[in-house]
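Q: turn this into a structure:
(3 chains)
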Amino acid sequence: MAKKSKKNIVLMQGNEAIARGAIAAGVNFFAGYPITPSTEVAEILSIELPKNGGKFIQMEDEIASISAIIGGSLAGAKVMTATSGPGFSLMQEGIGYAKITETPCVVVNVMRGGPSTGLPTKPSQSDIMQTRWGSHGDSPAIVLYPNSVLESYELSIRAVNLAEKYRTCVILLSDEVLGHMREAIEIPEIDESKIIKRIKPNTPPEWYKHYPENPKYISPVASIGEGYRFHVTGLTHDSFGFPTNRADEAEIMNDRLKKKITHHLDDLIQVEDYMMDDAKIAVFAAGITSRAAKEAVRNSRAKRHKVGMFRPLTIWPFPEQMIRDKFKDVKAVIVPELAEGQLLGELKRVLRKTNIKFYPIQKTNGELITPDDISEAIKEVRK
Amino acid sequence: MKIPQKRVHKFLRHGKKFPHVWCPGCSNGIVLGAIIRAVDELGYEKDDMAMVSGIGCSSRMPVYVDFNTLHTLHGRALAYATGVKMVKPEMNVCVVTGDGDSTAIGGNHLIHAARRNIDLTVIVINNNIYGMTGGQYSPTTPTGDFATTTPYGNIDPVFDICKLAEGAGATFVARTTAYHVVEAQSIIKQAFEHKGFSIVEIVSACPVIYGKLNKKGDAPAMMRDMKERAIPVKAFEKLTPEQVGNKYSRGILVNIKKPEYTAEYTKLMDSLQPQKGDK
Amino acid sequence: MSDKIEKHRDGMIIKDKNSTAKMEVEINEVKTEGDYKKCPVYIYHDWCKKCGICVEFCPTGALASKPDGSPYVKAPEKCIHCELCDRLCPDFAITGAKR
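A: Residues are numbered from 1 along each chain as shown, chains lettered A, B, ... in the order given. Below you'll find the predicted structure:
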């Protein structure tokens, strides 16, 4: 074992960081199904969970996995599942169920080359729109996307916290490279007060409403077997959780599902603004691609070019207002992504009222976009 | 004079809309009554009961009972119930599902939950049709019968739910009918007491759709049919193939002991705790 | 309690098909003695969907159907308190009384 310095420095894999972050956040039930490149998350949790009171189960498929964790969450556990593209597609109905029933859970999607079976051992960023619109119907999404092993650890904790706090399904994105690469990281001390515990109801059972109308849209929640005997259904439901066909009750429910997210953007949105203040050219990138972007920006800044990088850690809700503010005097934006313009399309929508020029760099052959690719583009744009 | 209360009212949700949603003569109400009477007889606490269902006529049952209730997705009840049982093994988890819900879309979860022998009590209400969506055929619609999607008669071979579950590893398998409601109640009671995967197929009547499409008569006629064709398993085994004809066996078909999944996992967790002596 | 229900105890009751009388149903133990001597079976007509199962399978023929299909106690003295009607009713709309 490498000599451990005073500080808690460990060489860790991205997927392992997600697993350990989950444990740090209090996840005590994981149900999953093997799929490259996310299997390590399951393997590590199958070792760690039973050691300290948690439980792991490998289900028969991804649909069963998302179903099992929602059942487990309703029974009071903090839950997670991890998958990749093909499994993520199978989980869409379940994700929708978790959202309408407002049941906290975290789905990790370690993105790989698509479409279909695609490039299982190669990275991609082509599930971004699926994380927003994958499940049928309108339901807002909370999707986080780290770009390092340390951030995988931190955002894993944050995903579990946000799921508990907003009583919804939070999706933690990663990709094959981020998931499989190793970095030496210092495991941050966990401040227990930062770990969100489920707010318990304090009303007597007969008065308990599983979905009360309250302005903060977030309410205490009871679990199965605690004497509250509430009803949970995927049908549109009233404040007691019983199915309803009434338009007014449907409106209240849908309104809550939406406003729970749209009224808490400042709590949900996290971005990295790297030298954007005086940037004329911006690079908009996320996840693994943003590491190359930062390198390219650093090199350009060395030559005193006014270039900056903007990186959303929260993909959804999309940081629209922040982008508009930061891109006020940007002339051109380079959008490198391992997909065919999924982030580009969203950015264009947000900046439609400006005359910023867009320079996409897109690779879907499994290769990474390199710092040189981006520096090349910067040179091009400066002409 | 006070209006008398039925014993089952203690378990029904009064805020809920009664009369319930099922059609006249549908067996779902009978099965719900049998389940509640079994729970009443066992003296289980309402707080310890969880009822999980998928989608379909029978899956509208949980909304009426004053348990911890979960109305999940079509075919996925068993996977949700597995999650509930894993996290809270002390709960009595009852899964209510239909023939399509459990053997068509939910088939994969059925055979794996049975294979694991996880302690769930599964009540399959087999009315041989997809009632909620208006009468399409299901994996148990008899060959030759009519449904809205077998206008020329069903050519599909049929699942035997009990053999399917037994083959997958279920340790308590029973079949009864909505007519034999006293037997059903006793079997459901034993299914709850059984530590392991217990499945009870309840042959049910769907007079309004399946009955009409196949000219089986009204609800009483369909239940008379159950009375004639369901033969106690002991007697059934003595019948020669010709005598069997369209009859089927009822009663407890499998009742064996195998390690229960959540108990095994708890043992595994305990084995990982540092024993007293360890550093 | 609406008067329509009150008259039921004499066995003959003319009840219009689509009664909307919502009945307040309280929770307490089933009373088994006293007023059941004469008419041991009680029917909630608001819940009964007239499927005919109870009448069909009453072992002693104590129950019968009216022209509109709704059950009534034709021969209270024949009732042997077997509660088969209670268990076989899909709508929880009939309650037999234990001996």
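
Q: and the helix or strand hosting residue A:291, average pLDDT?
A: Under the criterion of DSSP states H and E, residue A:291 resides in helix A:287-302. Helix A:287-302 shows a mean pLDDT of 97.

Q: ditto for stretch A:170-182
A: So the average pLDDT for stretch A:170-182 ends up being 98.

Q: ends of it, how far apart?
A: Between the opening and closing residues of stretch A:170-182 there is a gap of 25 Å (C-alpha to C-alpha, to the nearest Å).

Q: what residues sit buried inside that stretch?
A: A:170, A:171, A:172, A:173, A:174, A:175, A:176, A:177, A:178, A:179, A:180, A:181 (16 or more other C-beta atoms under 10 Å in any protein chain shown). (Glycine included, C-beta is placed from N, CA and C.)

Q: stretch A:119-127 too?
A: A:119, A:122, A:123, A:124, A:125, A:126, A:127.

Q: ok, and what's touching that stretch?
A: Outside stretch A:119-127, the residues that touch it by C-beta atoms under 8 Å, 6 or more residues apart in numbering or on different chains are A:36-37, A:84-85, A:88, A:109, A:111-115, A:118, A:134, A:173, A:175-178, A:286-289, A:337-340, A:342-343, A:364, A:366-368.

Q: can you tell me the average pLDDT over it?
A: The pLDDT scores in stretch A:119-127 average 97.

Q: which residues sit against the helix or strand hosting residue B:242?
A: According to DSSP H and E, residue B:242 maps onto helix B:241-244. Contacts with helix B:241-244, where a contact means C-beta under 8 Å, 6+ apart, come from residue B:236.

Q: from the chain's centroid, how far away is that helix?
A: Distance of helix B:241-244 from its chain centroid, counting by C-alpha atoms, centre = their mean, to the nearest Å, is 27 Å.

Q: give me the buried positions along that helix.
A: Quick answer for helix B:241-244: no buried residues (16+ other C-beta under 10 Å).

Q: among the buried residues of stretch A:170-182, name the ones in helices.
A: Among the buried residues of stretch A:170-182, the members falling in helices (DSSP state H) are A:176, A:177, A:178, A:179, A:180.

Q: possible to save these as TSV with distance to residue A:17?
A: What follows is these, written out as TSV (distance: C-beta to C-beta, whole Å):
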residue	distance to residue A:17
A:176	15
A:177	14
A:178	9
A:179	9
A:180	11
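
Q: out of these, who's nearest chain C?
A: Nearest to chain C, judged by C-beta to the nearest C-beta, of those is residue A:179 at 53.7 Å.

Q: tell me where chain C has strands.
A: Remark: strands assigned in chain C by DSSP state E are C:42-43, C:63-65, C:71-73, C:94-95.

Q: and residue A:220, which of those strands is closest to it?
A: Across those, residue A:220 has its closest neighbour in strand C:94-95 (38.9 Å, C-beta to C-beta).

Q: quickly find the element holding the residue of the stretch 251-383 of chain A found nearest chain C.
A: Of all residues in the stretch 251-383 of chain A, residue A:252 sits closest to chain C, at 25.1 Å by C-beta to the nearest C-beta. In the assignment (DSSP H and E), residue A:252 maps to helix A:247-262.

Q: what of residue B:23?
A: Going by DSSP H and E, residue B:23 is not part of any helix or strand.

Q: what's the pLDDT at it?
A: 96.

Q: now it, nearest residue through space, not along the chain?
A: In this structure, residue B:23 finds its nearest non-sequential neighbour in residue B:208, 4.2 Å apart by C-beta to C-beta, 6 or more residues apart in numbering or on different chains.

Q: for the one you found, list the residues it contacts.
A: Per C-beta under 8 Å, 6+ apart, neighbours of residue B:208: B:23, B:24, B:25, B:26, B:131.

Q: low-confidence ranges in the chain?
A: Unless you meant another one, I'm taking chain A. For chain A, the stretches with pLDDT under 70 are A:1-6, A:217.

Q: wait, chain C
A: Ranges of chain C meeting pLDDT under 70: C:1-38, C:97-99.

Q: what residue in it comes nearest to chain B?
A: With C-beta to the nearest C-beta as the measure, residue C:90 is the residue of chain C nearest to chain B, at 3.1 Å.

Q: next: the stretch 101-250 of chain A.
A: Counting by C-beta to the nearest C-beta, the stretch 101-250 of chain A gets nearest to chain B through residue A:233 (3.7 Å).

Q: sec struct for the residue nearest to residue B:23, please.
A: helix (DSSP: H, G, I helix; E, B strand; the rest coil).

Q: same deal with residue B:31?
A: Applying three-state DSSP: residue B:31 is helix.

Q: follow-up on the earlier one: which one is the residue of the stretch 251-383 of chain A closest to chain C nearest to, not counting chain neighbours?
A: Using C-beta to C-beta, 6+ apart and skipping residues adjacent in sequence, the residue nearest residue A:252 is residue A:213, 5.9 Å away.

Q: how about residue B:19?
A: residue C:47 (4.2 Å).

Q: and for residue A:116, the neighbour number?
A: By other C-beta atoms under 10 Å in any protein chain shown, the residues close to residue A:116 number 8.

Q: which strands and helices sit next to the helix or strand where residue A:12 lies?
A: Assigned by DSSP H and E, residue A:12 falls within strand A:9-13. Judged by 3 or more C-beta pairs under 8 Å, 6 or more residues apart in numbering or on different chains; DSSP states H and E, the packing partners of strand A:9-13 are helix A:149-166, strand A:182-186.

Q: let's have those in a markdown table, adding distance to chain C.
A: Listed next are the helices and strands packed on strand A:9-13 as a markdown table, based on distance: least, C-beta to the nearest C-beta, whole Å:
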| stretch | distance to chain C |
| --- | --- |
| helix A:149-166 | 36 |
| strand A:182-186 | 59 |
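
Q: among those, which is the most enclosed?
A: Mean neighbour count (mean count of other C-beta atoms under 10 Å in any protein chain shown) peaks for helix A:149-166 among those, with a mean of 24.

Q: walk me through the domains of chain A.
A: Chain A breaks down by automatic domain parsing into domains covering A:2-194, A:271-382.

Q: check contacts around residue C:77.
A: Listed by C-beta under 8 Å, 6+ apart, the contact partners of residue C:77 are residue C:62.

Q: ok, residue A:12 to residue A:40 distance?
A: Per C-beta to C-beta, to the nearest Å, residue A:12 is found 11 Å from residue A:40.

Q: likewise for residue A:375?
A: Residue A:375 is 33 Å from residue A:40, where distance means C-beta to C-beta.
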